[in-house]
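Q: quick check, what structure comes out for this input:
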Amino acid sequence: MKNIMKNKRVLVIGMGKSGIAATQALLKLEADVSVQDAKRAEEIDPQLISFLKGKNVKCYFGCIPENMGEYHMLILSPGVAPDLPFIREAQEKGAEIIGELEIAYRIGSGKYIAITGTNGKTTTTTLTGEIFKSAKRKTYVVGNIGVAVISMALNADDDSWLVTETSSFQLETTKNFRPEVSAILNLTPDHMDRHKNMANYGEAKSKVFANQTAEQYLVINFDDPECVRMAEKAVARVVPFSRKEELEFGVFVKDGKIVVKNDGEHLVEICATSDLRIPGAHNVENALAAVGISYFSGIEPEIIAETLRSFLGVEHRLEYVDTIDGVRYVNDSKGTNPESSVKAIEAIDTPILLIAGGYDKGSEFDSLIESFGGKVKKLLLMGKTAGKIKETAERYGFKDIIMCKDLDECVRRGAEEAEAGDTVLLSPACASWDLYTCFEQRGEHFKSCVHNLGA
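A: Coordinates of the predicted model:
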């Protein structure tokens, strides 16, 4: 453990999972900690308030500190925009502005694998973590996947591997962060309400490899022109993966098999794509990325193949829930942007009744509607974006739309409208924040609604 924080005056902003974990770690390191959250005290968990008071932590709930010049450092939770006026004020007065990922990297130990991209991060991170565990490496699967990096970084030693899902929000507040292997899976418009444009979004993502050296690796999607363009700036050795083309170097599909081509002409066969138990072309891409990360981290091909063959996917991502009266129900609550939902639609080979809508991140929904291709029979809409999605669908001539007040009504109406052989798919193409605290909560509610149908 690197104790560079003793007696540092630190303000942790945002009391979600990462903010709480950062606070706990900083207290262990004897920092002088204050916390801030936009929520009022009565909206904060009383047990958390009791813990903070017991540690003499100054709390600013529903307000901001009067003197922003007193802090050496501000640590922002991922959901906190760094351009808020009081954060800018602190920066102008000399405070360093970083996030939980950066402080975890500075004070902890271990080697990092950092996986980013618009879609596929959670599946690829989970799969990579399983491969590393199968290889008997001391592995922590952390980051945007739901486990604060800092909560594990203090437990890590020099032989540990932290397989880390990194979002654009986490990356934009990094400075020194340098993973052994980084990966960019794809890049499509997302979080435009925060980043404003694709240039800013791409710039945040590119920080995943900004500090890497020529001895380290950057794994990128060769089929995504934006990834290829971004990688041109990298110092690290670029490892491309492709589902569509044979490569001179990298990971690709040849004759239905996932193969690695390193130096020379020799091909290392991993497994057949048909061996994968996670559905959809996008999951072949996720598997290719995981293979590239693992192989170039020194893991044996046999171990990689064995894990690929046994991996069943992650909760809330194309998760089978139940079949009732011949109708399948699939939970894809992790589909929080249009491109993610497009991939879910492509992965299902039956007629679909699609449940969509939620918090508006500034996305456009043209690509979602264009992906229907006669496969989506009905569109059941909820949440703040319902009207926007309806307007887009009608502009493309799609009229089989049911407006619902909530997810309960969506599931009920879906069950009424579906026929045997259909799939009712929850893939909202939106964040969950208008009705839920997180996509996991939305997915659990969907599963509860489905199970109530069969009760």
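
Q: rest of the way, CA atoms for contacts and neighbours
A: Noted.

Q: hang on, residue 382 packs against residue 410?
A: Yes - if you go by CA atoms under 8 Å, residue 382 and residue 410 touch, sitting 7.5 Å apart.

Q: can you list residues touching both of those two?
A: Common contacts of residue 382 and residue 410, defined by CA atoms under 8 Å, 6 or more residues apart in numbering, comprise 355, 404.

Q: and residue 98, what are its phi and psi?
A: phi -140, psi 180 (degrees, to the nearest 10).

Q: please report the distance of it from residue 336.
A: Here residue 98 is placed at a distance of 26 Å from residue 336 (CA to CA, to the nearest Å).

Q: so which of these two has more stuff around it?
A: The residue with the greater number of neighbours, taking residue 98 and residue 336 and applying other CA atoms under 10 Å, is residue 336; the counts read 24 against 21.

Q: who's in contact with that one?
A: Under the criterion of CA under 8 Å, 6+ apart, the neighbours of residue 336 are 427, 428, 429, 430, 431, 432, 439.

Q: please name the nearest non-neighbouring residue to it.
A: residue 430 (4.2 Å; CA to CA, 6 or more residues apart in numbering).

Q: can you list the low-confidence ranges for the stretch 1-150 of the chain?
A: Applying pLDDT under 70 to the predicted model, the residue ranges of the stretch 1-150 of the chain that meet it are 1-2.

Q: break this protein down into its domains, please.
A: The chain breaks down into these domains under automatic domain parsing: 9-100, 108-310, 319-453.

Q: report the distance from stretch 250-259 to the chain centre.
A: A distance of 26 Å separates the centroid of the chain from that of stretch 250-259, by CA atoms, centre = their mean, to the nearest Å.

Q: scratch that, stretch 31-41 is what I was asking about
A: Going by CA atoms, centre = their mean, where stretch 31-41 is centred and where its chain is centred differ by 26 Å.

Q: and the host helix or strand of residue 411, which residues are buried?
A: Following DSSP states H and E, one finds residue 411 within helix 407-417. By neighbour count on 16 or more other CA atoms under 10 Å, the buried set for helix 407-417 is 407, 408, 409, 410, 411, 413, 414, 415.

Q: can I take it that residue 204 is in a helix?
A: Yes - Residue 204 sits within a helix when classified using DSSP: H, G, I helix; E, B strand; the rest coil.

Q: that one contacts residue 175, correct?
A: No - Residue 204 is not in contact with residue 175 according to CA under 8 Å; the separation is 11.3 Å.

Q: give me the more crowded residue out of these two.
A: A side-by-side neighbour count of residue 204 and residue 175, using other CA under 10 Å, places residue 204 first with 19 against 16.

Q: pull the contacting residues for the closest residue to residue 214 other than its chain neighbours.
A: If the residues on either side of it in the chain are set aside, residue 214 comes closest to residue 236, at 4.3 Å by CA to CA, 6+ apart. Contacts were defined as CA under 8 Å, 6+ apart; by that measure residue 236 touches 209, 212, 213, 214, 215, 216, 217, 218.
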